[in-house]
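# Pasting a predicted model and its sequence here:
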Amino acid sequence: MQAISVQQPWAFAIARGGKSVSNQGAPTAYRGPLLIHASMRVDLSACDSPLVQAAGWDPRDPLAAIGAAIAVADLAAVCSATVDGGTDGCACGPWAEPGMHHWHLADVRALPRPIVALGRTDLWEPSASLVAEVETMLTTAAANQAG
Ligand SMILES: [Zn+2]
């Protein structure tokens, strides 16, 4: 599993609001499980954006936390069509920002509660203990839903 740190409220929008594209400054060849970590910095100007409001942004939600892992997704694809001034656009939807690499996230699973962790910029490898805690949490949540 790899991880990315995303500023709030964007991390929340991924975890709760159906945000299926993460705008990143770099591409990656990695595909597979991706831990979504809310970084310590908040993009305050984004909190009022219609997209974020429509995603149900709620600062009181536990997953509005900063400095914590809040969800797991599958990194399914990366679109770089609009990087380097590409003007043809792409079909990545409203979350995609021009000029950025669009990391497509599938099968997003919000964690039942945030797990405090230090993040880094770009793609980083979560510690084995953090991965174990995330997987235990998701397994327990799935079992509770099944029951
Ligand atoms: Zn795109």
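Right, received. Where do you want to start?

# Just confirm yes or no for whatever helix or strand residue 108 lives in near the ion.
Residue 108 is located in strand 101-116, with elements delineated by DSSP states H and E. Yes: applying CB under 5 Å from the ion, one finds strand 101-116 in contact with the ion at residue 102. Yep, even glycine has a C-beta here, placed from its N, CA and C like the rest.

# What are the contacting residues of the following helix or strand past that strand?
Scanning forward in sequence from strand 101-116 by DSSP H and E, the next helix or strand is strand 123-124. For strand 123-124, contacts defined as CB atoms under 8 Å, 6 or more residues apart in numbering pick out 2, 3, 4, 5, 28, 30.

# What helices and strands are in contact with the next helix or strand after strand 123-124?
The C-terminal neighbour of strand 123-124 among helices and strands, as given by DSSP H and E, is helix 128-146. Applying 3 or more CB pairs under 8 Å, 6 or more residues apart in numbering; DSSP states H and E, one finds that helix 128-146 contacts strand 32-42, strand 68-79, strand 101-116.

# between helix 128-146 and strand 101-116, how many degrees?
90 degrees (axes from the mean of the first three to the mean of the last three CA atoms, to 10 degrees).
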